[in-house]
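Undergrad: build me a model from this:
(chains A and B)
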Amino acid sequence: MLTAILTACALLSGPGATPAKGEPRVLVVRAEKLLLGDGTTLDAGAVLIEDGRIRAFGKDVDVPAGAGVITHPGWVSAGLVALHAYAGAPEELRDSSRPVLDGKVAWAFDPAHSDFADAVAAGITTLVLVPQRNALSGGSSAVVKTAGARVLTEQAQLSLSFSAAALAPNRYPTSFGSAMAELEQRFEKPQGAFARAKSGELPVLFEADSREDVQRVVAFAKRLKLRGAVYGADWIGELAESVNEAHLAAIFAPFDPGEERRTIQSVLKLAKSGTAFGFGLDSPWKSPESLRLSAALCLREGLDRKLAWRSLSSQAAEIAGVGERVGRIEKGHDADLVLWSGDPLDLKSRVDAVFVDGQRVYEAKKP
Amino acid sequence: MNLSLIALLCCTAQTAQQPKTQGDAPRKNWVVSAERVYTAAGRSLEHGTVVVQGAKIGMVSSGSEDNGPETLACYAVTPGLVDASVRINSGALSVEQSREETPELRVTDTLSAYDIAWDAQAGSGVTCVLAAAPDLNVIGGLAAVLKTAGEPSIEKRTVKNDAVLRGAIGSQPSRGNHPAFGRPTDFYSRRPTTRMGVEWEWRKSFYEAAASRKDPARAFKGSTQVLAALDGKLTLDIQAWTTQDIRTAVFLKEELEKEPQLGGKPRLVIDAAAEAWKEPELLVRSHTSIVLPPFPEDGRTDDGAFMAWNTAALLVEQGVPIALSAHGDTSPAGRLSMQAGYAMQGGLDFDQALAAVTINPARMLGVEDRVGSLEVGKDADLVLWNGEPFQATSRVIGVIVDGALVLDPRTKQ
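TA: Below is the predicted model of the structure:
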């Protein structure tokens, strides 16, 4: 509880609350279309930003005296939220030397790394950095804002790997059976992040590859009453019912342009079951642009437009546990906005500018 | 895990098998009409009928029923075949290499319901199997009895989790002081290097587990399972091919019974006991059941053991309960139904051969209340044949698992 209060204080006094330096303290962004968190759009709307937060939005927003005004000939949305990335530290997040490492990604990445600037340029304002899957648990993930790589949540999820990658021939455990037994034991007398996960305070990020892994995850999560999301199993949609029954969310690895149809269908099946889902980024190995591409491919396959948008923004933010702060244009939310040349789900659209906490952090070079 | 939990798991496994159609083709009631109904329950019928109601057998009777659309006609019908030693698992990922005794590990944690090996088993008439990890640890862990068809979920196909405590005696667990898979490393001085080391590990486990009854501090990972095996609440299933290893297994059992500080009542099944024919009186004396490996072409099996065509017949004649196994082979010449045929060629009569691939293995695995014979109330696992079962000229033309038609005889004629 104390940590929760401290975290809350830290959030309130963080850089987001300090007045913008380069931008006016009060700023109004007008746009042809506002894309809202639930996926609906609002024609000729505006967003009022005050001290880095969204104070109001809608068709009729009063422009306070002295406010700066930006009129954008395109769409404005909340910044995208990418789940599951290794930005700024790919090889530093892999430790297979021991079965469980209660590490924190939040302390193990390079905030000056170009991965973050690349993400900003693609309209991604929030990232979840995760440990790699080469141990039963590589530690806890962190939520960071890409601009300045500022940590939002130091301990976002407990990472548990149910993938065969967690097993190694030269250290315990080498088998699935032992891995399951070890994890179960860790929750019997839980320490550190395991204790927070068991109490339900901390969600779990379950790493998986195959449907078999997902079945193990579902059984495990149900038995230990864990909440969280499953990452990495392309065909998880074929088990949508049981995933939904276990109240787990799903995170898909980012798609390639020629993604297998079965994988895209898997997203649609999952969506049909009502299971929450989002996309990972797996940067730096995948381009940040693959995030929008993933949703666009699903859209082409027939996914509901609103669901496609939510999977990139509000729903992803909820999976990351920061749904009350980012991921939608909402009163009180961080003023993380992307100014698009058009519909962000249309791959022809470009990012014109990005604001984070009311600050302009990116502006596209005019051709 | 304590025993009430094991019992509980068995119960949940049973309820999980209740008829439940989830997106599958709707389950019908089938009427199987056959010229020969081999029940493996003491009586065979000429011109008989087996009625499948939901997932269970509703009726077994003489005379043929009317030929409605749900009637499946065939020459012979038998219970679904049961193999107490298939080798379906995840290979290296099913073996914990950091210890040589892993009694608490469950094979079900390592199985894939999507493995096509299951389909091949079902298609060859094997409807229920014991799945175990590769026998490379001295005490490998808990094996499970599963159906080979149904919804692709290990949980739902499990008939009995923690069915037996599986282990090995012989050259396999002692073959070299290095990992069974992967490059040798010096992380662990793993596994005994000799047969004597293997034997010692077995006894050490039982003595330590028995000591933990009074002194909980001596409990170790898996000691609960070892204790359950000692008390006969969990069947011991030990792989031993050669005479010397079979003797070691039997002597171990007798020591567990004899030693006052142990006070054991173990139930023993020896798997892959190719050379059991050499000392059958030892097996009769110790009430040991035998699972035979597949009949080898040249008499030589794994571990250099010798097994002849008349091995099964000889053991049955001596009063040793036997089951036959194909060790997961589903090729036309190696599958379980052919093993029964080879045993008959070696002198076993048909009823005994049928029992050795149905009710006998079901009893050894403790699932005889569910599978292994055609009796009212048991699981509707049926195999339909176009001729006399186990003959090289006969084929499996239909398979029903839990009342669901897995292989349709109407399209396979």
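Undergrad: give me the element the residue positioned nearest the centre of chain B is part of.
TA: Closest to where the C-alpha atoms of chain B average out (CA atoms, centre = their mean) is B:Ala84, at 1.5 Å. Using DSSP states H and E, B:Ala84 sits in strand B:81-86.
Undergrad: now do that strand, average pLDDT.
TA: Strand B:81-86 shows a mean pLDDT of 97.
Undergrad: what does that strand rub up against?
TA: Here strand B:81-86 makes contact (CB atoms under 8 Å, 6 or more residues apart in numbering or on different chains) with B:117, B:121, B:125-132, B:237, B:269, B:271-272, B:291, B:293, B:323, B:325-328, B:336-337, B:357-359, B:361-362, B:364-365, B:367, B:371-372, B:383. Yep, even glycine has a C-beta here, placed from its N, CA and C like the rest.
Undergrad: that strand pairs with which strands, and in what direction?
TA: Strand pairing for strand B:81-86, using DSSP bridges, gives strand B:126-131 (parallel).
Undergrad: give me the residues contacting the strand it pairs with.
TA: Applying CB under 8 Å, 6+ apart, the contact partners of strand B:126-131 are B:80-86, B:88-89, B:107-108, B:111, B:121, B:143-149, B:159, B:163-164, B:237, B:326, B:330, B:335-336, B:361-362, B:365, B:367, B:371-372, B:381, B:383, B:399, B:401.
Undergrad: try 6 Å this time
TA: The contact list for strand B:126-131, computed with CB atoms under 6 Å, 6 or more residues apart in numbering or on different chains, reads B:80-84, B:86, B:88, B:107, B:111, B:143-148, B:336, B:365, B:371, B:381, B:401.
Undergrad: among the residues you listed, which ones are in helices?
TA: B:Leu336 (DSSP state H).
Undergrad: mind checking which of the contacts of strand B:126-131 are buried?
TA: Buried residues within the contacts of strand B:126-131, defined by neighbour count using 16 or more other CB atoms under 10 Å in any protein chain shown: B:80-84, B:86, B:88, B:107, B:111, B:143-148, B:336, B:365, B:371, B:381, B:401.
Undergrad: what parts of the stretch 51-200 of chain A come near chain B?
TA: Counting by CB under 6 Å from any CB of the partner chain, the residues of the stretch 51-200 of chain A close to chain B are A:Ala164, A:Leu167, A:Pro169, A:Asn170, A:Tyr172, A:Pro173, A:Thr174, A:Ser175, A:Phe176, A:Gly177, A:Ser178, A:Met180.
Undergrad: show me the residues you listed that map onto helices.
TA: Reading helices off those with DSSP H, I get A:Phe176, A:Gly177, A:Ser178, A:Met180.
Undergrad: picking that back up, what are the buried residues along the helix or strand just after the strand holding B:Ala84?
TA: Next helix or strand after strand B:81-86 toward the C-terminus (DSSP H and E): helix B:116-123. Neighbour-count burial for helix B:116-123, counted by 16+ other CB under 10 Å, picks out B:Ala117, B:Trp118, B:Ala120, B:Gln121, B:Ala122, B:Gly123.
Undergrad: repeat that for stretch A:79-86.
TA: Residues of stretch A:79-86 classed as buried by neighbour count (16+ other CB under 10 Å): A:Gly79, A:Leu80, A:Val81, A:Ala82, A:Leu83, A:His84, A:Ala85, A:Tyr86.
Undergrad: return the distance of it from the chain's centre.
TA: 4 Å (CA atoms, centre = their mean, to the nearest Å).
Undergrad: so what touches that stretch?
TA: With CB under 6 Å, 6+ apart as the test, stretch A:79-86 has contacts from A:93, A:123-130, A:231, A:251, A:278, A:280-281, A:283, A:291, A:312-313, A:316-317, A:327, A:336, A:338.
Undergrad: again, but for stretch A:254-273
TA: Outside of stretch A:254-273, the residues within contact range by CB under 6 Å, 6+ apart are A:234-235, A:237, A:240-241, A:244, A:250, A:277, A:279-282, A:286, A:290, A:294, A:297-298, A:301, A:303, A:307.
Undergrad: which stretches in the stretch 101-250 of chain B count as strands?
TA: Taking DSSP state E, counting those that start in this stretch, the strands of the stretch 101-250 of chain B run over residues B:126-131, B:139-147, B:158-168, B:235-239.
Undergrad: the third one packs against which elements?
TA: Meaning strand B:158-168. Contact partners of strand B:158-168 among helices and strands, from 3 or more CB pairs under 6 Å, 6 or more residues apart in numbering or on different chains; DSSP states H and E: helix B:3-16, strand B:139-147, strand B:235-239.
Undergrad: please repeat the previous calculation with a cut-off of 7 Å.
TA: Strand B:158-168 sits against helix B:3-16, strand B:126-131, strand B:139-147, strand B:235-239, with contacts defined as 3 or more CB pairs under 7 Å, 6 or more residues apart in numbering or on different chains; DSSP states H and E.
Undergrad: would you single out the least confident of the ones you listed?
TA: Across the helices and strands packed on strand B:158-168, helix B:3-16 gives the lowest mean pLDDT, at a mean of 39.
Undergrad: now the helix or strand following it: average pLDDT?
TA: Per DSSP H and E, the first helix or strand lying C-terminal to helix B:3-16 is strand B:30-38. Average pLDDT, strand B:30-38: 96.
Undergrad: can you give me the offset of strand B:30-38 from its chain's centre?
TA: Centroid separation between strand B:30-38 and its chain, computed with CA atoms, centre = their mean, is 26 Å.
Undergrad: where does pLDDT dip in the stretch 251-367 of chain A?
TA: Where the stretch 251-367 of chain A drops to pLDDT under 70, the residues are A:367.
Undergrad: how close does the closest residue to chain B within it sit to A:Phe116?
TA: Relative to chain B, the nearest point of the stretch 251-367 of chain A is A:Lys269 (11.5 Å; CB to the nearest CB). Distance of A:Lys269 to A:Phe116, computed by CB to CB, to the nearest Å: 34 Å.
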